[in-house]
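Undergrad: fold the following for me, if possible:
(4 chains)
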Number of protein chains: 2
Amino acid sequence: MVTRERKSPNISEFMRYLATNEEVENGLPSLKQLSLDLGVSVASLREQLEVARALGLVEVKPRLGTRRKDYSFAPAIRQSLGYALALNNEHFRKYSELRNHVESAFWYEAVELLTEQDKNELQNLITRAFEKLQGARIQVPHEEHRQLHLTIFSRLENPFVTGILEAYWDAYENVGLNVFTGGYEYLQEVWQYHRAMVDAICEGKNEDGYNALIAHADLLYHRP
Amino acid sequence: MVTRERKSPNISEFMRYLATNEEVENGLPSLKQLSLDLGVSVASLREQLEVARALGLVEVKPRLGTRRKDYSFAPAIRQSLGYALALNNEHFRKYSELRNHVESAFWYEAVELLTEQDKNELQNLITRAFEKLQGARIQVPHEEHRQLHLTIFSRLENPFVTGILEAYWDAYENVGLNVFTGGYEYLQEVWQYHRAMVDAICEGKNEDGYNALIAHADLLYHRP
DNA sequence: ATACTCCGATTTATCTGATTAATCATAATT
DNA sequence: AATTATGATTAATCAGATAAATCGGAGTAT
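TA: Residues are numbered from 1 along each chain as shown, chains lettered A, B, ... in the order given. Below you'll find the model as predicted:
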C-alpha cells in the first residue's frame, strides 16, 4: 500500500480569519488590535500577514491599515513561478506548455461566450497592433498581445484559468521576451495569425480560429 | 491606450538568495547569520522565510535550520486555492473545470510517454480499487483514484501540470468529497470508466481512453 | 552488538517593546 | 483655489529576551 506522505500546510489562522469574517470589508483592525483578537504577537501575525500579501490577498499601508482585496489566483502563481524562473529559465518553456494547452482546451467555450463588445475590442487591439508594427518607428505591440489573449478567455469567469494566463505574461516579461523578439518578419507573422483568429471569431468560424491559435502558439514556442 | 496597472510584487530577497546560491544545498545559514548576511533583522527575515515556507520552497526545523526543497508548484496553489475555498466552496467547481481541461488537453501526450512499468502500476491500482469496492466492508478507493490520475500524467515531467493536478486532490479532500460520495452505484460506474481508461492505454487505443476520461469527468462534475 | 533513554547544544519560535518611516486627513498658508 | 505644513495613525524595522523543538551522541541496559 502506498502511504502518501501527508503534507498539508493548511492556510494560516490569519488567512482563515480573512476569508471567513465578513466585517473585514472596509478594513481590518490594526495589527496591534488583531494580535490581541487572534491571541498572537504582532511579530507572529506579521509573518502570516506577509504570506497573505505575497498571495495578493491583502493590501496594507501605513495609516490605512490592511484591506482585503478581491480574490485573484495570479499572485500565488507569480511568486512560485518567479522563483522557478530564478532557479532555471527553462521553467518558462514548461509553463508555456501548460498555458498553451489551457488556451486550446478552453478555446471553444471561451469564444462562444464573447459579446459583441468583446469582439469590437479584439478588432481594436488588432488595429492598434498593426499601427505599432507599421509605424515609422516600429514598436512591439506587447500590451496588445497580452490584452488580446486575456480578453478572449475573460468570459469564462474562471479565476483559476485567468490567473494562469495572467501569470504567463508576467513571466514573459520576466524572461525579457517582451523586448527581445524574434525579428520583424516573425512579429508580422504572429500578428497575421492574430488577425486570422479575431476575424474567425467575429465570423463565428470558431474552428478556423482554433487552428490559427494552435499554429501561432507553435510559432511562439519554437521561437528563435 | 490601456495603461495596465503595474503590479509586480517580485519575489523577496530571501527567495532570490534561495534560488541563486548554489551552496544552500545541505543547509542554509542560521537565521541569525542570514540576517547579518542579508543585512536585515531576524524579524524581517522571518517574514520572508514564512512566505518561502508557505510556497513549499524550504523546510525549517529547530536544530537543523533551513533546507531548500526540490521545486514544487503545488504548495503555492494549495495556499491560494485553500483560501479561495474558505471564501466560497463554489470555487471548487471552477478549479475542477481547470483541472479537467488540463487533463484532457494533455491526455495524448501523457499516455504516449507511459512506460510498461507505469502501465503495470495503473493495472495494479485498478485491481486494488475493485478489491476495496467489492470487499465485504466496502471502502472508497480514494488514494487509488488520486494515484491513477497522477500516474497517467507523471511522464510529462512538467512541474506546473503536476502541481495543478496534485492540488486538485488536496482541494478534493478539503471539501470532503473523499468521504461523502455519490453512492455505491456511482462509485462502481466511475471505476468502470477507470478500468476502460487503463485497458485502452495498455492496448494503445488512446482515443478510447480519451473518451473514457471525458465521460468519467462529466460524471464527477455533475455528481449528485 | 542492539535498542533505548537521557542530556546538552543548536536553532527556530514566540513575544515584548522601542524607534522609525509612511500615509492620509485636515488645517494653515499663499 | 491651490499648495503646503502638521499631526495622528499605522505599518516597518529592529534589538533582545525567553521558550520550545529537534537532533546527535553519550550513556545504559539487554
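
Undergrad: and stretch A:67-77, what's buried?
TA: By 16 or more other C-beta atoms under 10 Å in any protein chain shown, the buried positions in stretch A:67-77 come out as A:68, A:71, A:72, A:73, A:74, A:75, A:76, A:77. Placement of C-beta: from N, CA and C, glycine included.

Undergrad: return the member of these nearest to DNA strand D.
TA: residue A:68 (12.5 Å; C-beta to the nearest atom of the strand).

Undergrad: correct me if wrong: that closest one contacts residue A:57.
TA: Yes: the pair residue A:68 / residue A:57 is scored as a contact, 6.8 Å apart, by C-beta atoms under 8 Å.

Undergrad: find residues that contact each of those two.
TA: Taking C-beta atoms under 8 Å, 6 or more residues apart in numbering or on different chains as the contact rule, the neighbours common to residue A:68 and residue A:57 are residue A:18.

Undergrad: in strands, which of the buried residues of stretch A:67-77 fall?
TA: Counting by DSSP state E, the buried residues of stretch A:67-77 place residue A:68 in strands.

Undergrad: and the closest residue to residue A:152 other than its chain neighbours, what does it touch?
TA: Spatial nearest neighbour of residue A:152, chain neighbours left out: residue A:110 (5.7 Å); criterion: C-beta to C-beta, 6 or more residues apart in numbering or on different chains. Counting by C-beta under 8 Å, 6+ apart, residue A:110 touches A:152, A:153, A:155, A:156.

Undergrad: at 6 Å instead, please
TA: Residues counted as contacts of residue A:110 (C-beta atoms under 6 Å, 6 or more residues apart in numbering or on different chains) are A:152, A:153, A:156.

Undergrad: top of these by number of neighbours, please.
TA: With neighbours taken as other C-beta atoms under 10 Å in any protein chain shown, the top of those is residue A:152, carrying 25 neighbours.

Undergrad: got phi/psi on that residue?
TA: Main-chain dihedrals, residue A:152, degrees, to the nearest 10: phi -60, psi -40.

Undergrad: report pLDDT for it.
TA: pLDDT recorded at residue A:152 is 98.

Undergrad: how near is it to residue A:165?
TA: For residue A:152, the distance to residue A:165 equals 9 Å [C-beta to C-beta, to the nearest Å].

Undergrad: and residue A:95, how far from chain B?
TA: As judged by C-beta to the nearest C-beta, to the nearest Å, residue A:95 and chain B stand 5 Å apart.

Undergrad: ok, now which ones touch the residue nearest the centre of chain A?
TA: By C-alpha atoms, centre = their mean, the mean C-alpha position of chain A lies nearest to residue A:166, the distance being 1.2 Å. Shown in contact with residue A:166 (C-beta under 6 Å, 6+ apart): residue A:74.

Undergrad: try 8 Å
TA: Counting by C-beta under 8 Å, 6+ apart, residue A:166 makes contact with A:72, A:74, A:150.

Undergrad: all strands of chain A, in order?
TA: Using DSSP E, the strands of chain A run over residues A:58-61, A:65-68.

Undergrad: run through who's touching the last one.
TA: Residues from elsewhere that reach strand A:65-68, judged by C-beta under 8 Å, 6+ apart: A:18, A:24-31, A:49, A:57-60.

Undergrad: re the thing from before, check the strands of chain A for me and report the most buried one.
TA: strand A:65-68 (a mean of 17; mean count of other C-beta atoms under 10 Å in any protein chain shown).

Undergrad: how far away from the center of its chain is the biggest helix by length in chain A?
TA: When chain A is parsed with DSSP state H, its longest helix is helix A:91-112. When C-alpha coordinates are averaged (C-alpha atoms, centre = their mean, to the nearest Å), helix A:91-112 and its chain have centres 12 Å apart.

Undergrad: may I see the buried residues of that helix?
TA: Residues of helix A:91-112 classed as buried by neighbour count (16+ other C-beta under 10 Å): A:91-92, A:94-103, A:105-107, A:109-111.

Undergrad: same question, stretch A:28-37
TA: Of the residues in stretch A:28-37, those buried (16+ other C-beta under 10 Å) are A:28, A:31, A:34, A:35.

Undergrad: using PDB, list the CA coordinates for stretch A:182-192.
TA: C-alpha atoms of stretch A:182-192 as PDB (Å, rounded to 0.1, in the frame of the first residue of the first chain):
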ATOM      1  CA  GLY A 182      12.400  37.100 -33.000                       C
ATOM      2  CA  GLY A 183      12.700  39.800 -35.500                       C
ATOM      3  CA  TYR A 184      10.300  41.800 -37.600                       C
ATOM      4  CA  GLU A 185       9.200  39.100 -40.000                       C
ATOM      5  CA  TYR A 186       8.400  36.900 -37.100                       C
ATOM      6  CA  LEU A 187       6.300  39.600 -35.500                       C
ATOM      7  CA  GLN A 188       4.500  40.200 -38.700                       C
ATOM      8  CA  GLU A 189       3.700  36.500 -39.000                       C
ATOM      9  CA  VAL A 190       2.500  36.300 -35.400                       C
ATOM     10  CA  TRP A 191       0.100  39.100 -35.900                       C
ATOM     11  CA  GLN A 192      -1.200  37.700 -39.200                       C
END
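
Undergrad: distance check, the residue nearest to residue A:152 against residue B:122.
TA: Taking C-beta to C-beta, one finds residue A:110 at 32 Å from residue B:122.

Undergrad: how about the residues of chain A near DNA strand C?
TA: Proximity of chain A to DNA strand C (C-beta under 7 Å from any atom of the strand) is limited to residues A:39, A:40, A:41, A:42, A:43, A:44, A:47, A:61, A:62, A:63, A:64.

Undergrad: if we use 6 Å, what do you get?
TA: Proximity of chain A to DNA strand C, by C-beta under 6 Å from any atom of the strand, involves residues A:40, A:41, A:42, A:43, A:44, A:61, A:62, A:63, A:64.

Undergrad: would you agree residue A:9 is in contact with residue B:78?
TA: Yes: counting by C-beta under 8 Å, residue B:78 is a contact partner of residue A:9 at 7.2 Å.

Undergrad: quick check: neighbours shared by the two?
TA: With C-beta under 8 Å, 6+ apart as the test, residue A:9 and residue B:78 both reach residue B:56.

Undergrad: and these two? Which one has more around it.
TA: Between residue A:9 and residue B:78, counted using other C-beta under 10 Å, residue B:78 has the larger neighbour count: 26 against 13.

Undergrad: let's see which of the buried residues of stretch A:67-77 end up in helices.
TA: Those of these mapping onto helices are A:74, A:75, A:76, A:77, per DSSP H.
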